[in-house]
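Q: One predicted model, sequence on top.
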Amino acid sequence: MLVEVGGIVADNEPRVPGQASQTTPIADVAEMGSTEFHADVDQADVAKLRVGQPATLQIDALPRRVFPATTREIAVASTPDPTGRVRYTVKLTVGSSAGLRVGMTGSAKFVTARKSQVLALPPSVILQQGENEAVYVVEDGKAVLKKVKTGLQGEDMVEVVSGLNSEDLVIDQGRAKVKNGRRVELAEPKR
């Protein structure tokens, strides 16, 4: 069969009687030298992204590898989502694409902020009290509730901006039984 550039290849026979014939792709073309990954980002998070922002990719088929990437393009219009959520397509350029294949799926993590030399705790030790946050610390053998202010939040750590210092012993185990002023025993302090 001869076709011209830009033409459409269609089956000669309709798949269902009475319906028009369907188009059939004749080839998939991919440029493997510069791999691109498309991420669907929720509207609540897309405002935090900018072109040139670093990211990392975790590919489902290669779970032990992390691929560095850079945000190349952020869609202006949202992508239809069957669940009703508003999402935007973000295109990433993958730095090292060795082992990647066309059509692989995965997830992207964007670096929205970075700080070093900060005091951080697991989110599970921070108590929400209305709009305030607090943690239990050990002072003179007793549990003391200390108000804290948090900053950046990651998946497994939360920055503590104020209210604690690095010498404070934060109660991690048995918080459900702890009350302000109650005597506590240290099993083995972790710093």
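A: Arrived safely, thanks for sending.

Q: neighbours around residue 135, how many?
A: 22 (other CB atoms under 10 Å). The C-beta positions use only the backbone N, C-alpha and C, and glycine is treated the same way.

Q: Show me the helices in this protein, by range?
A: For the chain, applying DSSP state H gives helices covering 43-46.

Q: can you list the domains in it?
A: 36-110, 120-177 (automatic domain parsing).

Q: what would those domains look like in JSON lines with mean pLDDT and distance to residue 184?
A: As requested, the domains of the chain are arranged in JSON lines below (pLDDT from 0 to 100; distance: least, CB to CB, whole Å):
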{"stretch": "domain 36-110", "mean pLDDT": "89", "distance to residue 184": "37"}
{"stretch": "domain 120-177", "mean pLDDT": "88", "distance to residue 184": "5"}
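
Q: Pipe these into CSV and attach distance to residue 5 per row.
A: Converted to CSV, these look like this (distance: least, CB to CB, whole Å):
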stretch, distance to residue 5
domain 36-110, 22
domain 120-177, 48
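
Q: Out of the ones you listed, which gets nearest to residue 186?
A: Residue 186 sits nearest to domain 120-177 of all these, at 6.6 Å, using CB to CB.

Q: mind checking the end-to-end distance for the closest one?
A: Length of domain 120-177, first residue to last, CA to CA, to the nearest Å: 23 Å.

Q: So what's the gap between that domain and the chain middle?
A: How far domain 120-177 lies from its chain's middle: 24 Å, per CA atoms, centre = their mean, to the nearest Å.

Q: Enumerate the beta-bridge partners assigned to the one residue sitting closest to the centre of the chain.
A: By CA atoms, centre = their mean, the chain has its centre lying nearest to residue 109, at 4.1 Å. With DSSP bridges as the criterion, residue 109 is bridged to residue 56.

Q: Hmm, residue 54 and it touching each other?
A: No: using CB atoms under 8 Å, residue 109 is not in contact with residue 54, being 9.7 Å away.

Q: ok so, going back, would you mind listing the residues in contact with the residue nearest to the centre of the chain?
A: By CB atoms under 8 Å, 6 or more residues apart in numbering, residue 109 lies in contact with 55-58.

Q: Including distance to residue 131 and neighbour count, could those go into a markdown table?
A: Formatted as a markdown table, the contacts of residue 109 follow (distance: CB to CB, whole Å; neighbours: other CB atoms under 10 Å):
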| residue | distance to residue 131 | neighbour count |
| --- | --- | --- |
| 55 | 32 | 22 |
| 56 | 33 | 15 |
| 57 | 36 | 23 |
| 58 | 34 | 14 |
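
Q: Tell me how far the nearest residue to residue 69 once chain neighbours are set aside lies from residue 75.
A: For residue 69, the nearest residue in space outside its immediate sequence neighbours is residue 92; the separation is 4.1 Å by CB to CB, 6 or more residues apart in numbering. According to CB to CB, to the nearest Å, residue 92 stands 12 Å off from residue 75.

Q: Between the two, which is the more surrounded one?
A: Legend: neighbour count by other CB under 10 Å for residue 92 and residue 75, higher for residue 92 (24 against 15).
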